[in-house]
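Colleague: can't give you the sequence, but here's the structure:
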């Protein structure tokens, strides 16, 4: 009886699909394929999306901490989602009611070279490379979100421990461009703070506070400013100082 019901449902849904014209089923995919080929035909992913009118690319950056994996000496290991948003005028097209957004593999387009400056080890992606997609709107807005496992060096320049006398563990995650100065890439936070909405509870530590600071650094050698975003995470032990 159950098998008969399942076959009947399958035939019912198949008959409904037959009522949908194939032109409607294939139209969106065909439009997307043609638009993607047109966009990428003369696209050079080595060049930034700077224009003659505006040589500076505005990049918005944010992190969502999902898990504190380990704290060992001066190194914190944690899982995050890194979000980046910018505009690339070369990826614009005339929008219609069907095609207002497309996904493009990140290895086909220019992506900001944002790195963790104070890395305490090799960071890694938590998802396979072929799953990393950029969400591109018709107006050229690009959004990329990547799941990363970071190893962050939390030590201080003077050699002092990141743990204070009350047992609070303070770690700064400093992100910035590897190759662009502040005149060519204007780095800002997508949010005012660290996103903890998806954080899994740790058995030993809880988050005491977080903050985000945008830093502009000038060196005597160079007229260009150098920008970074510093995300500060303070953890306190659940059961008293360690």
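Modeller: Yes, it's here. Everything numeric in this text was worked out from a predicted model, so none of it was measured.
Colleague: And the strands in this protein?
Modeller: 57-72, 75-87, 101-105, 114-116, 124-125, 133-137, 141-153, 169-177, 185-189, 205-217, 226-237 (DSSP state E).
Colleague: Paired strands for the second one, with orientation please.
Modeller: Okay, so that is strand 75-87. Sheet partners assigned to strand 75-87 using DSSP bridges are listed as strand 57-72 (antiparallel), strand 141-153 (antiparallel).
Colleague: cool, the last one as well?
Modeller: Sheet pairing for strand 226-237, assigned by DSSP bridges, gives strand 169-177 (antiparallel), strand 205-217 (antiparallel).
Colleague: give me the low-pLDDT residue ranges for the chain?
Modeller: Scanning the chain with the threshold set as pLDDT under 70 gives 1-31, 97, 240-242.
Colleague: does the residue lying closest to residue 86 once chain neighbours are set aside have beta-bridge partners, and which?
Modeller: Counting by Cβ to Cβ, 6 or more residues apart in numbering, residue 86 lies nearest to residue 59, which is 4.7 Å off, once chain neighbours are set aside. For the C-beta atoms, the positions are set from N, CA and C on the backbone; glycine is no exception. Beta bridges link residue 59 to residue 187, judged by DSSP bridges.
Colleague: picking that back up, how about a markdown table for the strands paired with strand 75-87, with mean neighbour count added?
Modeller: Shown next, in a markdown table, are these (neighbours: other Cβ atoms under 10 Å):
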| stretch | mean neighbour count |
| --- | --- |
| strand 57-72 | 19 |
| strand 141-153 | 19 |
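Colleague: Could I get those strands in a markdown table, plus columns for distance to residue 95?
Modeller: Shown next, in a markdown table, are the strands paired with strand 75-87 (distance: least, Cβ to Cβ, whole Å):
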| stretch | distance to residue 95 |
| --- | --- |
| strand 57-72 | 22 |
| strand 141-153 | 12 |
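Colleague: nearest to residue 207, of the ones you listed?
Modeller: strand 57-72 (8.2 Å; Cβ to Cβ).
Colleague: tally of neighbours for residue 170?
Modeller: Using other Cβ atoms under 10 Å, residue 170 has 17 neighbouring residues.
Colleague: right, I mislabeled it, should have said residue 128
Modeller: Applying other Cβ under 10 Å, we find 7 residues neighbouring residue 128.
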